[in-house]
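Visitor: sequence-free structure coming up:
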Ligand SMILES: Cc1cc2nc3c(=O)[nH]c(=O)nc-3n(C[C@H](O)[C@H](O)[C@H](O)COP(=O)(O)OP(=O)(O)OC[C@H]3O[C@@H](n4cnc5c(N)ncnc54)[C@H](O)[C@@H]3O)c2cc1C
Ligand code: FES
C-alpha cells in the first residue's frame, strides 16, 4: 500500500487544450505540498459549487511535474462537460493523490502498454516516469479508439518509441479493437515479451486477459469503476478479487486502482451489475 499523503487542494488551471472532439488536456498548476504520485493514482475533482452534481469525478494523473499536474478528460456527461468547460485561470478543487496501489516497475526493464480510450492517461504517466528514471528505454504501446478523430496520435507518438494503433471503424491503423490487434500481433509473434500494463473499458481488459494468457510475465491493470467517496469509505467501487481460495471485495479507489488482471473475478463482477 502507498502512504498517499493525500489532501484537498485548490489549484489554478493553466491550460485547457482540445485534443479531439471529446477529449481535452488539462494542465493544472501543481498545488504547494501536493505529494509525488505514482502511475495508477488519481485525483478527484469537484464539479461545481452547486449541490448537483454532488460527487467529485475521478481522473487518472497523466503527468506530474514539479510545477504541473496533467489530466486527460473525456466529456461523457454533465460532470465531465462542466470540468472540460473550465478556462485558464479558473480554480480547480481537487483531492489527491488517491489510490492505494500503482503500476509496479517492470521486472527486467521490459514492458508493453495496452490502452483503450482515456485509459491512455495512467499508462502515459508510467512510460514518462520510467523513461525519466531510465528504467525503460524502449516503450511499446497498443492503443485503440473509436475513430481517427478520437485517436490521440500526437500525444502517444511523443511518449512511446513503438506505437500500434487500432480504430473500430478502420479509419486509422488496424481495423477493430485493441484486443483484436493484440491477438493479431501475438499470432504473428510480433509482441515484445515482458510485463503488460493495461487500462481501458472493463470489457476490453477482461477480453485482454483471455487473449494474452501465457504471453506476458504478468499483467497489471488500472481499473475504472463508478465512484462515490473515492477514499475507501462507502464501498461503492468494490470489485471481487480472487485471493487464497476465496473471492474478497476490494475497493478500486483505495485497494486499487492497480490489480493483477488475472486476479479479478470478472464474471462475478459483471453478474452483480446486471
Ligand atoms: C480511477 C478512475 C480514473 C479515471 N480516469 C479518467 C481519465 O483519465 N480520463 C477520463 O476522461 N475519464 C476517467 N475516468 C472516468 C471519469 O471519472 C468519468 O467519465 C466521469 O466521472 C463521468 O462523469 P460525468 O458526470 O461526466 O458522467 P455521468 O453523467 O456520471 O455518466 C455519463 C456516462 O458515463 C458512465 N460513467 C461515469 N463514470 C464512469 C466510470 N468511472 N467508468 C465507466 N463509465 C462511467 C456512466 O455510466 C454514464 O453512462 C476515470 C474513472 C476512474 C474511476
Ligand atoms: S468510491 Fe467509496 S469506497 Fe471507493
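Guide: That came in fine, so what should we check first? Keep in mind that what you see is a predicted model, and the values were worked out from it rather than measured. Ligands and ions are numbered 1, 2, ... in the order given.
Visitor: ok, and what's touching the longest strand out of those in the chain?
Guide: Assignment by DSSP state E gives strand 7-18 as the longest strand of the chain. Identification of contacts with strand 7-18 by Cβ atoms under 8 Å, 6 or more residues apart in numbering yields 24-31, 33-34, 68-69, 84, 86-96. Every residue, glycine included, has its C-beta placed from N, CA and C.
Visitor: swap the cut-off to 10 Å and go again
Guide: 23-35, 43-46, 56, 67-70, 73, 83-97 (Cβ atoms under 10 Å, 6 or more residues apart in numbering).
Visitor: chain center to the helix or strand just after it, what's the gap?
Guide: Heading C-terminal from strand 7-18, the first helix or strand you meet, by DSSP states H and E, is strand 23-29. Relative to its chain's centre, strand 23-29 lies at 15 Å (Cα atoms, centre = their mean, to the nearest Å).
Visitor: does ligand 2 sit close to the helix or strand following strand 23-29?
Guide: Following strand 23-29 in sequence order, the next helix or strand is strand 42-45 (DSSP H and E). No. Strand 42-45 lies out of reach of ligand 2 by Cβ under 6 Å from any ligand atom, never closer than 9.0 Å.
Visitor: elements contacting strand 42-45?
Guide: Using 3 or more Cβ pairs under 10 Å, 6 or more residues apart in numbering; DSSP states H and E as the contact test, the elements touching strand 42-45 are strand 7-18, strand 23-29, strand 57-60, strand 68-74, helix 78-84, strand 91-98.
Visitor: pull up the pairing partners for that strand, direction included.
Guide: Take DSSP bridges as the rule and strand 42-45 pairs in its sheet with strand 57-60 (antiparallel), strand 91-98 (antiparallel).
Visitor: what angle do the longest one and strand 68-74 make?
Guide: Using axes from the mean of the first three to the mean of the last three Cα atoms, to 10 degrees, the interaxial angle of strand 91-98 with respect to strand 68-74 works out to 90 degrees.
Visitor: i'd like the first residue to be 38 from this point on
Guide: I'll keep to 38 as the first residue from here, and by that count the last item is strand 128-135.
Visitor: give me the distance between the following helix or strand past strand 128-135 and the centre of its chain.
Guide: Where DSSP H and E defines the elements, the next helix or strand beyond strand 128-135 is strand 148-153. In terms of Cα atoms, centre = their mean, the centre of strand 148-153 is set 10 Å apart from its chain centre.
Visitor: what about residue 83, neighbour count?
Guide: Counted with other Cβ atoms under 10 Å, residues neighbouring residue 83 total 19.
Visitor: swap that for residue 182, please
Guide: By other Cβ under 10 Å, the residues close to residue 182 number 28.
Visitor: for it, which non-adjacent residue is spatially closest?
Guide: Once flanking residues are discounted, residue 182 sits nearest to residue 188: 4.4 Å by Cβ to Cβ, 6 or more residues apart in numbering.
Visitor: what sits against residue 202?
Guide: Residue 202 is in contact with 178-182, 185, 188-190, 193-194, 209-211, 215, 218, counting by Cβ under 10 Å, 6+ apart.
Visitor: skipping adjacent residues, who's closest to it in space?
Guide: residue 210 (3.1 Å).
Visitor: again with residue 127
Guide: What sits nearest to residue 127 in space, not counting adjacent residues and going by Cβ to Cβ, 6+ apart, is residue 50, at 4.9 Å.
Visitor: pLDDT at the residue of the chain positioned farthest from its centre, what is it?
Guide: Here the chain reaches farthest from its C-alpha mean at residue 282, the gap being 29.0 Å by Cα atoms, centre = their mean. Looking at residue 282, its pLDDT reads 82.
Visitor: again with residue 195
Guide: Per-residue pLDDT puts residue 195 at 88.
Visitor: do the one 10 residues further on as well
Guide: We have a pLDDT of 95 for residue 205.
Visitor: what does the chain put close to ligand 2?
Guide: Residues of the chain lying close to ligand 2 (Cβ under 6 Å from any ligand atom) are 264, 265, 266, 267, 269, 270, 271, 272, 273, 274, 288, 290.
Visitor: great, nothing more from me.
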